[in-house]
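Q: task: produce atomic coordinates for the following.
(one chain, ligands or ions: 3)
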Amino acid sequence: MKNATGTIVGAISGYYDVDIDGKVIRTRARGVFRGRKQKPLVGDKVEVQLDDKGMNYLVKIFPRENEIGRPAVANVAQVLLVISAIEPDFSTELLDRYLTFFSWQGVGVEIYLSKTDLVSEEKLAEIKQVLRYYQEIGYTVFTSAKELEERLPDLVQKDEVWTLAGQSGAGKSTILNRLEKDANQETGAISTALNRGKHTTRKVQLFNYGEGLLADTPGFSAVDLYKIKIDQLPNYFYEFATASKGCKFRSCQHIHEPGCNVKKLVAEGSIRQSRYDDYLKIRHEIEDNRMPEYMK
Ligand SMILES: Nc1nc2c(ncn2[C@@H]2O[C@H](COP(=O)(O)OP(=O)(O)OP(=O)(O)O)[C@@H](O)[C@H]2O)c(=O)[nH]1
Ligand SMILES: [Mg+2]
Ligand SMILES: [Zn+2]
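A: Ligands and ions are numbered 1, 2, ... in the order given. Modelled structure (predicted):
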């Protein structure tokens, strides 16, 4: 019997696949986790007990750095957010909701625009113009698969876990298959009537990518934001956080306060009106303590 440490790369009905120095071993979790209400997650760094008869047990989960998404992935270094130009339609509101969510969770995001080949040149130019704004406020944006393919290898550091995120049908599995030829993830056409994906990917799975790992995940668009502390919300809109240094009151929430620099910049057009509108919508959601129906 000997012990080894590794990373959970997949979970299937009570079994956990653990990558130990590049070799994947199937394990069972010890009952002790259930007792402690501790559920192993993909991305977890774990200790495994290997015995001679081929019975492998997961015996310990090392403390997590973070835990994001639904279903959850542990120890995420960065999120690669996939936003489609169409099918499902491009939406700054949804984009702002994702960005707010991950900012709240304390994890960095890069944005990849998919399906650029399915829209007209005019439409694409319009979307790129919008995304330029997000670039200006500090997000890294990739507007083609080629660009992503060229630059991502330099960004994913050794042993880092990156995770794809975004709506069902946005193209997460498609881009993963392109980035990592061995992934072979199933992809599925979207329902054009509903402008929605069909939830083709059902579970989180990690794939080797360069010296790090990249997770494919099931799509989700219902982003719960109502648990955010309302006075913290302005911090998650990066350009608001910067602009608030010019507000008269240090605790300015950028609503009705006099001398508000954020509102001034919105009026002048250097902060996008849609960002401010989405900020107000999320505030209302927090006040109502529930997600709006149309976002479910
Ligand atoms: N033309 C075109 N089609 C794409 C592109 N990216 C994805 N698709 C198609 O869009 C559909 C959905 O892609 P998937 O990769 O399955 O989407 P997903 O984000 O993994 O969806 P879920 O697994 O349901 O969360 C598939 O039919 C893909 O072939 C793209 O850049 N261009
Ligand atoms: Mg998928
Ligand atoms: Zn203000």
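Q: mind checking the SS state of residue 111?
A: Secondary structure state of residue 111, per DSSP: H, G, I helix; E, B strand; the rest coil, is strand.
Q: just give the closest residue to it, not the sequence neighbours.
A: Spatial nearest neighbour of residue 111, chain neighbours left out: residue 141 (4.7 Å); criterion: CB to CB, 6 or more residues apart in numbering. (C-beta placed from N, C-alpha, C; glycine too.)
Q: what about the one you found, how many neighbours?
A: 20 (other CB atoms under 10 Å).
Q: tell me the SS of it?
A: Secondary structure state of residue 141, per three-state DSSP, is strand.
Q: residues in contact with it?
A: Under the criterion of CB atoms under 8 Å, 6 or more residues apart in numbering, the contact list for residue 141 reads 110, 111, 112, 113, 131, 132, 134, 135.
Q: of the residues you listed, just say which sits nearest to ligand 3.
A: Nearest to ligand 3 among these: residue 134, at 20.9 Å, using CB to the ion.
Q: give me the number of residues near that closest one?
A: Residue 134 is flanked by 22 other residues according to other CB under 10 Å.
Q: make sure it is indeed in a strand.
A: No - counting by three-state DSSP, residue 134 is located in no strand; its state is helix.
Q: list the contacts of it.
A: Neighbouring residues of residue 134 by CB under 8 Å, 6+ apart: 95, 99, 111, 141.
Q: hang on, the earlier thing: for the contacts of residue 141, pick the one with the most neighbours.
A: Greatest neighbour count in the contacts of residue 141, by other CB under 10 Å, goes to residue 113: 26 neighbours.
Q: number of residues surrounding residue 34?
A: For residue 34, the count of nearby residues is 10 (other CB under 10 Å).
Q: actually residue 67, not the one I typed
A: Residues near residue 67, counting by other CB under 10 Å: 15.
Q: list the contacts of it.
A: Contacts for residue 67 (CB under 8 Å, 6+ apart) come out as 41, 73, 74, 76.
Q: hmm, try it at 6 Å
A: Going by CB atoms under 6 Å, 6 or more residues apart in numbering, residue 67 touches residue 74.
Q: who's it bridged to?
A: Beta-bridge partners recorded for residue 67 (DSSP bridges): residue 74.
Q: now name the helix or strand holding whichever residue of the stretch 51-200 of the chain sits closest to ligand 2.
A: At 3.2 Å from ligand 2, residue 173 is the closest residue in the stretch 51-200 of the chain, using CB to the ion. According to DSSP states H and E, residue 173 maps onto helix 172-179.
Q: what separates that helix from the chain centre, distance-wise?
A: 15 Å (CA atoms, centre = their mean, to the nearest Å).
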